[in-house]
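> sequence and predicted model, in that order:
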Amino acid sequence: MDPSLLFSVYLVGGAVRDRLLGRSGGDRDYVIVGATPQALLDAGFKPVGKDFPVFLHPDTAAEYALARTERKQGHGYHGFAFHAAPEVTLEQDLARRDLTINAMAEDAQGRVIDPHGGQRDLQARVLRHVSPAFVEDPVRLLRVARFAARYAPLGFRVADETLALMRQMVASGEIDHLVSERVWTETRKALAEAQPSAFVRVLRASGALARLFPEVDALYGVPQRADHHPEIDCGVHLELVLDMAAQLAPGNDRIGFAALGHDLGKALTARAEWPRHVGHEQRGLAPLRALCARLKVGGEHADLAAAVCRYHLDAHRALALRPGTLLQLLEKLDALRRPQRLHEFLLACEADARGRLGHADAAYPQAARLRAALAAAHHVSTAPLLAQGLQGPALGAALRAARCRAISTACPAAGAAHAPR
């Protein structure tokens, strides 16, 4: 079935934007003008929208929404009344969208409908709001920051007037009506983008970082030792680590979140101790737990972030660790049962080591030694020990001793490395 034969159908939003940017993939969303919900049901479409009429195509499962307008009637993302009717025009539907680059449509002949200058802003590499109604939905502030993280590598920036509206949303308290689940959803998406540092920078420039992520905002202005961190500022280091994590593990928001939370303890260091941050890895667990609880962060993300926060300095010292200490670290990470955990942990630690001014291309041999230690420990069999009649605590002690010997043989200490602190 071709819906364009029955209704006025337009491809809208991201699919149009990305085609004009020469980017492939992504969802294809459609708007239908001049139809009623019953007409779509009669044509075999399946309804899925709860807040407004959205339908799935009976053959392709693509999303089709009826053209609609919206009116602010409360606070937050859900404080809107939607109106979908045959008389709503395509231009009215596009006018309710957040950014000009997302407010374009394409008809069945491939003609672009662009009433708000989206093509102009694509060429100028600008993220600009469609209308003053932008301030009515606090989620849009997060979306702009997320789009900045996606398109910063292409040279995009947030328009000054849009940033001014974002600051207004923070000052008015509209941002305080964001639900934690939506903040986490947008944050996860941003951490999976090509340049997550732009997400943090845009939120900070708007004042939203201090409201939504005070634990992260507190890192800015806190100095570190220049011999370990030439960038000095903890907030700048965080940005470098986020982007390095995106480079090492593209699209992996678990590693991105671990990068986001790895150094939160440095914001709690007493000023008298600056620029040293002794014990920051242990101190960072409390603010990390607070952040995870507030945003309702899932278990896998929270667990990996906690492991990276607590043990990243141990990973940096891996070349100098004794076999027994290496095994202890693997046990603390539960790597013997969950080797994938070690893989992600090491990528986050490598992002920390290389996310320093002038160190982006540095090697991280610590990862190879820890992987070799895990492989050596895994190759130890319990069969000979069981044959000796060992069981219970005696078996556990003998197995651990055998693993230490295996690690000692496979992973001789290579000496200390100049690693971050």
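Cool, got the structure.

> residue 394: neighbouring residues, count only.
Residue crowding around residue 394 was assessed by other C-beta atoms under 10 Å; the count is 12. The way it works is simple: take the backbone N, C-alpha and C, and place the C-beta from them, glycine included.

> now it: how far from residue 323?
Distance, residue 394 to residue 323, by C-beta to C-beta, to the nearest Å: 21 Å.

> who are the neighbours in contact with residue 64?
3, 9, 29, 30, 31, 32, 40, 45, 54, 55, 56, 57 (C-beta atoms under 8 Å, 6 or more residues apart in numbering).

> got it, and residue 205?
Per C-beta under 8 Å, 6+ apart, neighbours of residue 205: 158, 163.

> on the three-state scheme, it is what?
Recorded secondary structure, residue 205: helix (DSSP: H, G, I helix; E, B strand; the rest coil).

> pLDDT wise, what is it at?
Residue 205 carries a pLDDT score of 98 in this model.

> got the contact list for residue 143?
98, 99, 186.

> per-residue pLDDT, it?
Looking at residue 143, its pLDDT is 97.

> chain center to the strand or helix carrying it, what's the gap?
Per DSSP states H and E: residue 143 is located in helix 139-151. Remark: helix 139-151 is offset 11 Å from the chain centroid, using C-alpha atoms, centre = their mean, to the nearest Å.

> name the nearest residue to residue 150, sequence neighbours excluded.
residue 193 (4.4 Å; C-beta to C-beta, 6 or more residues apart in numbering).

> quick check: pLDDT value at the one you found.
98.

> next one: the residue nearest to residue 145 when sequence neighbours are not counted from residue 265, what distance?
Nearest non-adjacent residue to residue 145, counting by C-beta to C-beta, 6+ apart: residue 202, 4.1 Å away. In this view, residue 202 and residue 265 are 25 Å apart by C-beta to C-beta.

> those two: which is more packed in?
Ranked by neighbour count (other C-beta under 10 Å), residue 202 and residue 265 place residue 202 first, with 27 against 23.

> one step back: and the helix holding residue 143, what's buried?
Buried positions in helix 139-151, judged by neighbour count with 16 or more other C-beta atoms under 10 Å: 139-151.

> pull the CA atoms of that helix into CSV?
Taking C-alpha atoms only, helix 139-151 is exported to CSV below (Å, rounded to 0.1, in the frame of the first residue of the first chain):
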residue,chain,number,x,y,z
VAL,A,139,13.4,18.6,26.8
ARG,A,140,14.4,20.8,23.8
LEU,A,141,17.3,22.1,25.9
LEU,A,142,18.6,18.6,26.2
ARG,A,143,18.0,17.9,22.5
VAL,A,144,19.9,20.9,21.4
ALA,A,145,22.9,19.8,23.5
ARG,A,146,22.6,16.3,22.1
PHE,A,147,22.5,17.5,18.5
ALA,A,148,25.5,19.6,19.3
ALA,A,149,27.3,16.4,20.4
ARG,A,150,26.3,14.7,17.1
TYR,A,151,27.1,17.5,14.7
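
> sorry, back to before: any of the contacts of residue 64 buried? List them.
3, 9, 29, 30, 31, 32, 40, 45, 54, 55, 56, 57.

> among those, which ones are in strands?
Using DSSP state E, the subset of those located in strands is 9, 29, 30, 31, 32, 54, 55, 56.

> could you measure from residue 46 over to residue 390?
Residue 46 is 62 Å from residue 390, by C-beta to C-beta.

> list the buried residues for stretch 251-262?
Quick answer for stretch 251-262 (16+ other C-beta under 10 Å): 252, 253, 254, 255, 256, 257, 258, 259, 260, 261, 262.

> my guess is the fifth one meets residue 247, correct?
No: judged on C-beta atoms under 8 Å, residue 256 makes no contact with residue 247 at a distance of 11.0 Å.

> which one of the contacts of residue 143 is nearest residue 316?
Proximity of the contacts of residue 143 to residue 316 (C-beta to C-beta) peaks at residue 186, which lies at 31.4 Å.

> what packs against the one helix or strand that closest one maps to?
According to DSSP H and E, residue 186 maps onto helix 180-191. Packing partners of helix 180-191 (3 or more C-beta pairs under 8 Å, 6 or more residues apart in numbering; DSSP states H and E): helix 139-151, helix 196-206, helix 253-261, helix 285-295.

> related to what we said a few turns ago, TSV for the buried residues of stretch 251-262, including pLDDT?
Shown next, in TSV, are those (pLDDT from 0 to 100):
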residue	pLDDT
252	98
253	98
254	98
255	98
256	98
257	98
258	98
259	98
260	98
261	98
262	98
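
> adding distance to residue 179, write these out as CSV.
Shown next, in CSV, are the buried residues of stretch 251-262 (distance: C-beta to C-beta, whole Å):
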residue, distance to residue 179
252, 25
253, 19
254, 22
255, 25
256, 21
257, 19
258, 24
259, 25
260, 20
261, 21
262, 26
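
> what's the closest of those to residue 368?
Closest approach between these and residue 368, by C-beta to C-beta: residue 255, at 18.1 Å.

> can you pull up the bridge partners for residue 29?
As for beta bridges, residue 29 partners with residue 12, residue 63 under DSSP bridges.

> neighbouring contacts of stretch 390-398?
With C-beta under 8 Å, 6+ apart as the criterion, stretch 390-398 contacts 382, 385, 386, 388.

> is there a neighbour count for the closest residue to the first one other than its chain neighbours? I'd like the number.
Counting by C-beta to C-beta, 6+ apart, residue 382 lies nearest to residue 399, which is 6.0 Å off, once chain neighbours are set aside. Neighbour count of residue 399, defined by other C-beta under 10 Å: 17.

> cool, and residue 189?
18.

> walk me through the domains of the chain.
Here the domain assignment for the chain is 1-124, 125-212, 236-378, 381-410, based on automatic domain parsing.

> quick one, what contacts the residue nearest to residue 15 when sequence neighbours are not counted?
What sits nearest to residue 15 in space, not counting adjacent residues and going by C-beta to C-beta, 6+ apart, is residue 28, at 4.6 Å. Shown in contact with residue 28 (C-beta under 8 Å, 6+ apart): 11, 15, 62.

> give me the buried subset of the residues you listed.
11, 15.

> format the buried residues of helix 139-151 as TSV; extra columns: distance to residue 235.
Shown next, in TSV, are the buried residues of helix 139-151 (distance: C-beta to C-beta, whole Å):
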residue	distance to residue 235
139	25
140	24
141	20
142	19
143	23
144	20
145	15
146	19
147	21
148	17
149	16
150	21
151	22
